[in-house]
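Trainee: Structural data only, the sequence is not supplied:
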């Protein structure tokens, strides 16, 4: 219907057969969609006979969209934020915002015109076509084949796609790798899709119970739960305001105005030590014992490096 409306706006009158041929549909479909456009408020007249066709009434514009002010703000913010989504739809989002703006009532148009900001953009963007095709394969439970990254010598991956998760401006596919017989996580921006309509499959239970938790767990070096493999406790001689912006998923407890007790996680004991040293302030390691026992080794390593 959108394609038909675009054609009617470009040329005021279209013979029915020509419109059907241009849209690659049947004459019956044209009549049905004309009826639907009329129900939506578009004034379209029809003339009979050999030269008959469909005409969009002069001066007809798209009816105003019925958005309240909060919805209008949400649309403007969402479309202007497209560059940070990690999907290559920036141009389409800009055109969509312009289209939506033109058909809004004037008071809402002025409201969204006042919302202007700049996005830094995602460092890696996934192809919108890939996102759409893989999403369809997830929904329909169809296997897919794709090349991945720069490994052009390797045969295409064959996977059962289970879910797509967006995290930190990147898009990830959670899938069962048929060749590896194991769960894998793939970034959509590194995928070159070969075939997205393979054989159907029966979904498998994700190890952590759901795709979001599974991705979070793997990002922390875990395979079965969303938890860091190494967790340490410190006393850090800094006020909480200086620590909080860097705490992420750690925990902070006030000991005094200038000292905090911290519980943070990392991939390794060395990672924990680097996390606390970056504050360049006095600290005390409280535990656990394996972390305390590893400290002399780290001290020797630093001494040898100097």
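Mentor: Happy to help now that I have it. A quick note: this is a predicted structure, and the numbers were derived from the prediction, not measured.
Trainee: Let me know the helix or strand that residue 32 is in.
Mentor: helix 27-39 (DSSP states H and E).
Trainee: Need the contact partners of that helix.
Mentor: 1, 4, 5, 16, 17, 19, 20, 23, 44, 46, 54 (C-beta atoms under 8 Å, 6 or more residues apart in numbering). Where you see a C-beta, it was placed from the backbone N, CA and C, and this is true even at glycine.
Trainee: that's a strand at the fifth one, yeah?
Mentor: No - if the criterion is DSSP: H, G, I helix; E, B strand; the rest coil, then residue 17 is helix and not within a strand.
Trainee: rewinding a little: show me how far the helix holding residue 32 is from its chain's centre.
Mentor: Distance of helix 27-39 from the chain centroid (C-alpha atoms, centre = their mean, to the nearest Å) equals 35 Å.
Trainee: Pull out the buried residues from it.
Mentor: 30, 33, 34, 37 (16 or more other C-beta atoms under 10 Å).
Trainee: Which member of those residues is positioned nearest residue 176?
Mentor: residue 33 (41.0 Å; C-beta to C-beta).
Trainee: mind checking how far that closest one is from residue 153?
Mentor: 49 Å (C-beta to C-beta, to the nearest Å).
Trainee: Mind splitting this structure into its structural domains?
Mentor: For the chain, the structural domains run 2-56, 69-113, 128-219, 230-305, going by automatic domain parsing.
Trainee: Using TSV, lay out these together with mean pLDDT and distance to residue 119.
Mentor: Compiled in TSV, those are given as follows (pLDDT from 0 to 100; distance: least, C-beta to C-beta, whole Å):
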stretch	mean pLDDT	distance to residue 119
domain 2-56	82	27
domain 69-113	79	4
domain 128-219	92	10
domain 230-305	94	21
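Trainee: mind putting those in JSON lines, distance to residue 120 included?
Mentor: As requested, the domains of the chain are exported to JSON lines (distance: least, C-beta to C-beta, whole Å):
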{"stretch": "domain 2-56", "distance to residue 120": "32"}
{"stretch": "domain 69-113", "distance to residue 120": "7"}
{"stretch": "domain 128-219", "distance to residue 120": "9"}
{"stretch": "domain 230-305", "distance to residue 120": "18"}
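Trainee: Tell me where the stretch 101-250 of the chain has helices.
Mentor: 106-113, 128-140, 211-219, 240-243 (DSSP state H, counting those that start in this stretch).
Trainee: between the buried residues of helix 27-39, which is closest to residue 148?
Mentor: Looking across these and measuring by C-beta to C-beta, the closest to residue 148 is residue 33, at 41.1 Å.
Trainee: Now the phi/psi pair for residue 284, please.
Mentor: Per-residue torsions, residue 284: phi -130, psi 130 (degrees, to the nearest 10).
Trainee: separation between it and residue 173?
Mentor: From residue 284 over to residue 173 (counting by C-beta to C-beta), the distance is 43 Å.
Trainee: Of the two, which one has the most company?
Mentor: In this view residue 284 and residue 173 are compared by other C-beta atoms under 10 Å, and residue 173 has more residues nearby, 27 against 12.
Trainee: residues touching the more buried one, list them.
Mentor: 134, 138, 159, 161, 163, 164, 185, 186, 187, 188, 191.
Trainee: Mind doing that once more with 10 Å?
Mentor: Contact analysis of residue 173 by C-beta atoms under 10 Å, 6 or more residues apart in numbering lists 126, 130-131, 134-135, 137-138, 144, 146, 159, 161-165, 184-188, 191, 211, 215.
Trainee: Once you drop chain neighbours, what's closest to it?
Mentor: residue 186 (4.6 Å; C-beta to C-beta, 6 or more residues apart in numbering).
Trainee: shouldn't that neighbour be in contact with residue 134?
Mentor: Yes - if you go by C-beta atoms under 10 Å, residue 186 and residue 134 touch, sitting 9.2 Å apart.
Trainee: so where do the strands sit in the stretch 201-306 of the chain?
Mentor: With DSSP state E, counting those that start in this stretch as the criterion, the stretch 201-306 of the chain has strands at 230-236, 251-256, 259-266, 283-287.
Trainee: Can you give me the buried ones in the last one?
Mentor: So the one you mean is strand 283-287. 283, 285.
Trainee: Just send the strands of the stretch 201-306 of the chain back as CSV, with distance to residue 81 too.
Mentor: Shown next, in CSV, are those (distance: least, C-beta to C-beta, whole Å):
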stretch, distance to residue 81
strand 230-236, 34
strand 251-256, 30
strand 259-266, 30
strand 283-287, 38
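Trainee: Tell me which of the ones you listed lies nearest to residue 104.
Mentor: Of the strands of the stretch 201-306 of the chain, nearest to residue 104 by C-beta to C-beta is strand 251-256, at 45.3 Å.
Trainee: partner strands of that closest one, parallel or antiparallel?
Mentor: strand 259-266 (antiparallel) (DSSP bridges).
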